[in-house]
Structures are given as structure tokens and as C-alpha cells.
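Asks: here is my input, please return the structure:
(one chain, ligands or ions: 1)
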Amino acid sequence: MKQSSDLWHRARTVIPGGVNSPVRAMRSVGIEEPLFAARGDGAYLETVDGRRLVDWVQSWGPLLFGHADPETLDAVRSAAADGTTFGATTEREIELAEEIVAAVPSVEQVRLVSSGTEAAMSALRLARAFTSRSRVLKFAGGYHGHADPFLAEAGSGLATLGIPASPGVPSSVTADTVVVAYNEIDQAAAAFERHSEDLAAVFVEPVAGNMGCVPPEPGFLEALRALCDASGSLLVFDEVITGFRVGRGGAQERFGVTPDLTILGKIVGGGLPLAAFGGRREVMSRLAPAGDVYQAGTLSGNPLATAAGLSVLRRLRDPAVYEELERRSARLEAGLAPFGRVQRVGAMLTLFMGSGPVVRMQELDTEGYAALFRHLLARGIYVAPSQYECLFPSLAHGDAEIDATIEAVSAFVGR
Ligand SMILES: *Cc1c(COP(=O)(O)O)cnc(C)c1O
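Replies: Numbering: from 1, shown residues only. This is a model prediction of the structure:
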């Protein structure tokens, strides 16, 4: 029996569905037994069955220098030798905060947490406290982690109150969440008109990465900024994917729109569990112990995670990093363009099976994508196991890996 089949059996016995995060199950691409990772190096992921795959998932975005990046590993090893957690502040936490403040335009102060979910949840509490309001506007298909207020679906009709997207989420919680379509500024404006007095914040992925890669239409982010300014709501950019990926200063730098609060994750921890939220000092200083808004974490600012994050972020000061990421991502985009609709911003892109533009959450050709996924996996290329996700080029993906991927996609289309 294959080793992975044995692991799959054991996993399902003791872990719900056999995975610790649902998308790993690969169900949406029609795969019964997901892959089990043994190790990685650079652009490659090796499975427990000894298959070596070109990996475009890269742990869903954190690994800008690829798997087992030697500099990151050195930093983690050396930090670990001094102790793995203290529950007291270390200098590296300050250094990482300084690095983030220097890079991200809207951030004057930042708090470190352990996951994007935690960062989004905490940013919402802070926005509610700061504005003394309770409602939040989000966009259908926008993902801000799995805290209750964000697990809302659009109710029927424009700008109605959200309904729970999962059992276990009280409708009393999602009643404060308003959901409208991405890139539809008229819908956002109507929601503001209806709820303006009570809208604490707008949460938006400035480039959507969880409905496939969907860039903001020209003027969309600017219009959200203006709506927030007029009503006193806080504009919150969820840059968990885009932060340090579409540019050192994230999407806010790339598109020149400054949010009140920013959520960071994935890259910021260099592949270890670390995320952050930050913004204007006036808002951030409401957090305890400086202010009255409670937020805490035993492992927040963990020594290993800050060491990994610093190792990565310091190298991102060099503009050549982003020029190179752009060049490689553009090469992949150009190569894939004949075979579908490619949407890309910096080092995040999606190959959609259809030909028309995707500007909001919509039904996509998941069957066609599933067939492509299985074709590629059989040829040693591991792309996102969902049409609603992105490919994440890194500095470890060379022209050879890019061209092999293009060739494999071409063979699928021409089959
Ligand atoms: C991944 C992601 C999150 C959640 O981060 P976790 O660390 O998985 O909790 C939040 N927002 C966006 C945009 C993400 O892609």
C-alpha cells in the first residue's frame, strides 16, 4: 500500500475529514486522497510517496523565497537555541514591527498575533470600539479568516443583513455584517446610505485572492475610501495575501489608497504562524494596555516566527526582489494566457477556465479546472486545488519551472 494511503486512513480516524484546514482535502478538484507533504526545497514539494512536484501553492502564499529557504532556516535555528517562547517582549518583536511600519504606508503602530483569522477578528473589535458602531461591510467572496462576523453570506436583495454561512454562527452575529458584491461601488454606496450611522468598518481584500485573483476595478478602492471618509467608518484592507507580495508596501502602496487599518499574515511570518494588524496611532493606541480594547495572545510575537519574518522582510527592502517577482510572474502569465483567462497582480494570479473577465465572486468552471488540476498533478505540477484560489510565484520558481508548467497546461488544452 502507498504510504499516503496509509496516512490518509490514519488521518481520517483521528482528524475530522483527515485535514486541519478544509481546502487541503482537495475535494473541489475531485481528489479522494489528498497529497501528504514530506519535505520541500525551493519551488519543489516532495510527497511522502517520493513524488517531486513543482509547487505553485507554496503553503497558500507565505513562502516568497520558496520551501526550506536556507536563510530563514538559519534564523529560526539560531532563535530556537535561545528558547522558543517567553511570554515577555523580545527585541525581535520590536524589529519586526519597525520593519512593517517602515514598509506599509498606513501603519504607524502594529500588533503581532498568530493567524490572519485572529488579526481580522481583532481589527474588527478595534474598529467597532473606535467608532462606537457595530456593523461591518464586506464583499461576497472576500475571505477574512473564520471568525463568526465574517462567516456571513449576502441576504436576499441589496444591502440586506448577512445570514450565517456556517452552522454554529448565530444569526444575531451576522445580522451586523452587510455583504455586497466586489467591485460594485453602487452596491457599497447603497449599503452606506442604509447603514451609514452604524457602519464601523469596511473590510476588503484590495486585490481579491479568494474568488480567484480579482483585481480592484479602477476607482473601486478610492470610492471605498471616500465613502468611509464621508461616514466616519474605518477602511480596513485585508492584505494577508497582498502584503509584501504585490509590492513591499502591499496593495495600498501599489494602488495609492491608504486604509485606516491593515491586516497582514502569510508572508509576514516567513512561513511560521504569525500575522499582524496595524494602522494609525490614534486607532491602534485604543488597544490594551495603552487603551481599553482587550486583545491578547500567549504565543503572540513568538521568537521563532519573528526571526523567520525578519529574515524575509529584511531581504524585501531590495527593490530588485519585486522586479524579479514581477518578471517571473509576467512570464507565467504570458505563457498561460492562450489557454484561458489569466488575471494577475504582481506575484498572484489565477488561470480561469473561461475567457471572460472575472470581476466579482461568481460561479466558475470548477469541473474544467478540476480536470486541469489532475492533468497537471499527474505531470508533477501542483497548482492550487481550487479554481477560487491563486498561484503564488516565488523567487524560487525559475524559468525552467515556469516553462514546464506552461507546457503541461498547453498539453492539457491540446489533448
Ligand atoms: C489566508 C487569509 C486569511 C486568514 O489567515 P489565516 O492565517 O489562515 O487565519 C485572512 N484573509 C485573507 C485575505 C487570507 O487569504
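Asks: look up how far F192 lies from the residue of the chain found nearest the ligand.
Replies: The chain approaches the ligand most closely through G116 (2.1 Å), counting by C-beta to the nearest ligand atom. For every residue, glycine as well, the C-beta is placed using N, CA and C. Noted for G116: a distance of 26 Å to F192, by C-beta to C-beta, to the nearest Å.
Asks: out of those two, which sits in the more crowded spot?
Replies: The neighbour count for G116 versus F192, taken as other C-beta atoms under 10 Å, is higher for G116 (29 against 22).
Asks: quick one: contacts for the closest residue to R280 other than its chain neighbours?
Replies: Spatial nearest neighbour of R280, excluding adjacent residues (C-beta to C-beta, 6 or more residues apart in numbering): E108 at 5.7 Å. E108 sits next to V101, G278, G279, R280, R281, M284 when contact means C-beta atoms under 8 Å, 6 or more residues apart in numbering.
Asks: looking at these, which is nearest L313?
Replies: V101 (11.2 Å; C-beta to C-beta).
Asks: which residues are in contact with that closest one?
Replies: Per C-beta under 8 Å, 6+ apart, neighbours of V101: V107, E108, Q109, V110, G278.
Asks: does it lie in a helix or a strand, and which?
Replies: Element membership of V101, judged by DSSP states H and E, is helix 91-103.
Asks: right, and the helix or strand after that helix?
Replies: strand 109-113.
Asks: which helices and strands does that next one pack with?
Replies: helix 91-103, helix 116-131, strand 275-279, helix 281-284 (3 or more C-beta pairs under 8 Å, 6 or more residues apart in numbering; DSSP states H and E).
Asks: surely D55 and T47 touch.
Replies: No: using C-beta atoms under 8 Å as the test, D55 is too far from T47 to be in contact (10.4 Å).
Asks: those two: which has the busier surroundings?
Replies: Counted by other C-beta under 10 Å, D55 and T47 do not tie: D55 has more neighbours, with 27 against 17.
Asks: residues contacting that one?
Replies: Residues in contact with D55 (C-beta under 8 Å, 6+ apart) are G40, A43, Y44, L45, H67, Y382.
Asks: now swap in A230 and tell me
Replies: Counting by C-beta under 8 Å, 6+ apart, A230 makes contact with F192.
Asks: could you do R374 as well?
Replies: Each residue near R374 by C-beta under 8 Å, 6+ apart is listed here: V29, G30, I31.
Asks: list the buried residues of stretch 21-28.
Replies: V23, R24, A25, M26, R27, S28 (16 or more other C-beta atoms under 10 Å).
Asks: hmm, I was thinking of stretch 292-301
Replies: V293, Q295, L299, S300, G301.
Asks: and A201, which helix or strand is it part of?
Replies: Using DSSP H and E, A201 sits within strand 199-204.
Asks: how far does the helix or strand just after that strand sit from its chain's centre?
Replies: Toward the C-terminus, strand 199-204 is succeeded by helix 220-231 as the next helix or strand (DSSP H and E). On the basis of C-alpha atoms, centre = their mean, to the nearest Å, helix 220-231 sits 23 Å off its chain's mean C-alpha point.
Asks: roughly how far apart are the nearest residue to V345 once chain neighbours are set aside and C390?
Replies: Nearest residue to V345 in three dimensions, chain neighbours excluded: V207, at 4.6 Å (C-beta to C-beta, 6+ apart). With distances taken as C-beta to C-beta, V207 is found 9 Å from C390.
Asks: likewise for G162?
Replies: Taking C-beta to C-beta, one finds G162 at 25 Å from C390.
Asks: and these two? Which one has more around it.
Replies: More neighbours surround C390 than the other of G162 and C390, with 30 against 26 (other C-beta under 10 Å).
Asks: test my guess that that one contacts T242.
Replies: No: C390 lies out of contact with T242 (C-beta under 8 Å); the separation is 10.3 Å.
Asks: overlap in contacts, the two.
Replies: Contact criterion C-beta under 8 Å, 6+ apart; residues bridging C390 and T242 by contacting each: G209, M348.
Asks: center of this structure - which residue?
Replies: Central residue check for the chain by C-alpha atoms, centre = their mean: the C-alpha nearest the mean position is that of I241, 3.1 Å away.
Asks: that residue should be in a helix, yeah?
Replies: No: checked against DSSP: H, G, I helix; E, B strand; the rest coil, I241 lies outside a helix; its state is coil.
Asks: contact partners for it?
Replies: By C-beta under 8 Å, 6+ apart, the residues touching I241 are G61, E205, V207, G209, N210, K266, M348, C390.
Asks: same for the ligand: which of the residues you listed are within range?
Replies: Subset of these in contact with the ligand: E205, G209, N210, counting by C-beta under 6 Å from any ligand atom.
Asks: and S156, what pLDDT?
Replies: According to the prediction, S156 has pLDDT 64.
Asks: cool, T160 as well?
Replies: Looking at T160, its pLDDT is 60.
Asks: can you check S196 too?
Replies: pLDDT, S196: 80.
Asks: with adjacent residues omitted, what lies nearest to it?
Replies: S231 (4.4 Å).
Asks: pretty sure that neighbour contacts A201?
Replies: No: here S231 does not reach A201: they are 10.6 Å apart, not a contact under C-beta under 8 Å.
Asks: and those two? Which one has more around it.
Replies: Higher neighbour count among S231 and A201: A201, with 25 against 17, using other C-beta under 10 Å.
Asks: doesn't S233 make contact with the more buried one?
Replies: Yes: assessed by C-beta under 8 Å, A201 is found in contact with S233 at 5.7 Å.
Asks: pull up the overlap in contacts between these two.
Replies: Shared contacts of A201 and S233, defined by C-beta under 8 Å, 6+ apart, comprise T131, L137.
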